[in-house]
Each structure stands twice: as structure tokens, then as C-alpha cells.
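*Asks:* Build me a structure from this.
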Amino acid sequence: MHNIAYIVYERVKNLDNSIRLLSEENEKRILSQRACLASQSRGRLVPEEECSIRTCFQRDRDRIIHSQSFRRLKHKTQVFLAPSGDHYRTRLTHTLEVSQIARTIARALQLNEDLTEAIALGHDLGHTPFGHAGERALDKLCEGGFKHYEQSVRVVDKLEKYGQGLNLTDEVRNGILCHTKGEEAYTLEGQIIRIADKIAYINHDIDDAIRADVMAEEDIPLSLRMDLGMSKSQRINNMVIDVINTSKNNEHIRMSDDCYSSFMDLHDFMFTAVYTNPVCKGEESKAVDMLIKIYNYYIKHIEELPPEFIKIAESDGEDRAVCDYIAGMSDTYALKVFNNLFVPMFWHD
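*Replies:* Numbering: from 1, shown residues only. Have a look, this model is predicted:
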């Protein structure tokens, strides 16, 4: 009976493995020669047995989606601080829009959609509360500075799962690290995220600013609207098609020179109209002051940090632990911590 049970187990195991192997063979058959194949991954920081059903990149995607840091993105600011309306973007909805745009480009270029999606879903896991205002605050406070793309890698390597990390593949980690500035990702899938991020944020920031009555569609210079599109959907569609056409026979993922020039002009317009507009950013100084006070408190009271961050203080230093703790906060949790530390509570009978 024992031998029969073992034989059945091995058959089931082999059958399951065949599902992943079939997926890997389909990649070889369908995807471009330029694509990064799951079967050729550089591997993980800590080697582990392959999943019997999912490829390594599918597994990374699932690990990110089920992580705590991914769930916290729903309460992190994108552009508008703590908006009361239901339809303003958060860091989570931004991430989903980047993923959708990136997958469209990857599919059209016959690149690895699973790898592209995993990088997209993980690219902002290390972002601070209160958007880039929070990032600027921590950049001034933390020894050695603070960059959200570096923190995103730290989240998946060390902070998730109470210090165990997610142990993602090197391709996903590299794509996350290189999604904003500096060195370009070594996979084309990673390079897609850098452009998809730009396409997503410029267009949804316009949409949110219009909803907030900060600007109107017609405020965008007519020449830019004629070049890029007369509406959000037209602009996204035109930019995506431009990237696909420009990248078909290119060694890298690129916009055309004309499209990129228009994008940068649109970004300059948004910088003045929205990103530095006192109407949009008037509350940011309060958020920055709040994070500074939280940092200064915990740097003097390390023992009051959650246990996993006390361990980080012991291994990586107190400054690193406090920055990790604050960076992981949602907007709402940062407000709760600030109120608990600095706002007097009314006495109850």
C-alpha cells in the first residue's frame, strides 16, 4: 500500500510539473527572441524548489499581490492628499493602471507579460505615505537619503513577511529598482515599466486635476493636445501605440523623439498647473511636518517600535529602522500614529 501511494503521489507531482513546463514551452514557442523567458531566469536570492504549476514570474506576481505592502497602497496618496471623493487615484489604482498599460505593450511586442505584470505590481511597494512629499521628507531625514524605488526592493527583499522577504527573481527585482531613474533595466520587460509609469501618471494626474477643478482639459496647450490626443483615453492610446511602433525594431523600449518631446512639454505644463500648485499642495507641508515629528519621536524611543523594526534597528541601525517603519505607513496609519503620539486624548468616564 505504501508503494502504491508513493507511485500515485509521483504521478500527480509529475502531472502538476507538466503544467508549469507547458507554460515555459509556450513562452519559447510564442514569445519574441528578445523576451525574457521564465525558464532562463537568473533565479532568486535564496534558491528554492520551483512551483509545480506556475512559472517563476507568475509566482512572483502572486507573492506581490498577496503581500501586506501591496494592500497598504490603497491608502497611500498619489497626487491629491487624502481626497474625500471616491474616484481620485491612490497609489494602488496607479499601480493597476501602470500594470494594464505595461501588459498591453508587452503583449504587442511579444514580450513576457507575466514578468512585466510582476514588476508593475511591485514597482511602488516602497513608496511613502503622502506621495512624493513623504519621499522628500524621508530623503532629508534618513542617513544616505531615501529613494522609493530602492525602498521597494528593500520591501520585497527584507521587510515583507516580518523579515523573511518575498525572495523574488532577479529580473523582477531589477525591474523594480530601475523603474524611475538611473540605470536602465536589463530586461525589455523592465524597461516597459519605466515608460508605462510615465504614461499612466501624466494622464491620470490630468484626470484627477480636472475632477478637482484645478484645471480643465482645455487648459492644456492646444498644440500638445493635437500632438498627443484631445482626451485622456486618446493620449494613452496614442502614447502606447507610439511606444509599440518605436520599440518593434529597437534594442530598447522607447517613445519616438517627437512623442517624448511632447510628453516632456506636457510634464512641464503639469508641473506648473498641478504639481507645484498651492491649491493641490497646500496641505503637504503639514504632512511633511507630521512625518518629521514621528521620525524624531521614534529615533529617541526605539523601544516603542513594533518588534520586527526593533530587530532591524539592532541589525541595520536605528535610523534605518525608523525610516522603514514610516515608509511602510499608509496615510491613514501615519495620521493615527501622529494622533496617538502628539494629540491629547479627552478623558472618558
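
*Asks:* Tell me how many other residues surround residue 200.
*Replies:* Using other C-beta atoms under 10 Å, residue 200 has 24 neighbouring residues. (Each C-beta comes from the backbone N, C-alpha and C, glycine too.)

*Asks:* buried residues in the strand or helix carrying it?
*Replies:* For residue 200, the element it lies in under DSSP states H and E is helix 188-211. Neighbour-count burial for helix 188-211 flags 188-210 (criterion: 16 or more other C-beta atoms under 10 Å).

*Asks:* Residue 345 belongs to a helix?
*Replies:* No - read with DSSP: H, G, I helix; E, B strand; the rest coil, residue 345 is coil and lies in no helix.

*Asks:* separation between it and residue 339?
*Replies:* Going from residue 345 to residue 339 by C-beta to C-beta, to the nearest Å gives 8 Å.

*Asks:* Could you check which of those two has the larger neighbour count?
*Replies:* Remark: of residue 345 and residue 339, residue 339 carries more neighbours, 12 against 7, as counted by other C-beta under 10 Å.

*Asks:* what kind of secondary structure is the more buried one in?
*Replies:* helix.

*Asks:* in the protein, which ranges drop under the pLDDT threshold?
*Replies:* Along the chain, segments meeting pLDDT under 70 span 1-16, 81-85, 280, 347-349.

*Asks:* list the helices and strands whichever strand or helix holds residue 323 packs on?
*Replies:* Using DSSP H and E, residue 323 sits in helix 318-327. Helix 318-327 is packed against helix 131-141, helix 148-154, helix 284-300, helix 307-316, with contacts defined by 3 or more C-beta pairs under 8 Å, 6 or more residues apart in numbering; DSSP states H and E.

*Asks:* Which stretch among these approaches residue 161 most closely?
*Replies:* helix 307-316 (9.8 Å; C-beta to C-beta).

*Asks:* Put the alpha carbons of that closest one into PDB.
*Replies:* Extracted C-alpha coordinates of helix 307-316, given in PDB (Å, rounded to 0.1, in the frame of the first residue of the first chain):
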ATOM      1  CA  PRO A 307       9.200  44.100  17.300                       C
ATOM      2  CA  GLU A 308      10.200  43.500  13.700                       C
ATOM      3  CA  PHE A 309      11.500  47.000  13.400                       C
ATOM      4  CA  ILE A 310      13.400  46.700  16.700                       C
ATOM      5  CA  LYS A 311      15.200  43.800  15.200                       C
ATOM      6  CA  ILE A 312      16.100  45.900  12.100                       C
ATOM      7  CA  ALA A 313      17.400  48.600  14.500                       C
ATOM      8  CA  GLU A 314      19.700  46.000  16.000                       C
ATOM      9  CA  SER A 315      21.000  44.700  12.700                       C
ATOM     10  CA  ASP A 316      20.800  47.700  10.300                       C
END
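
*Asks:* No more questions from me, cheers.
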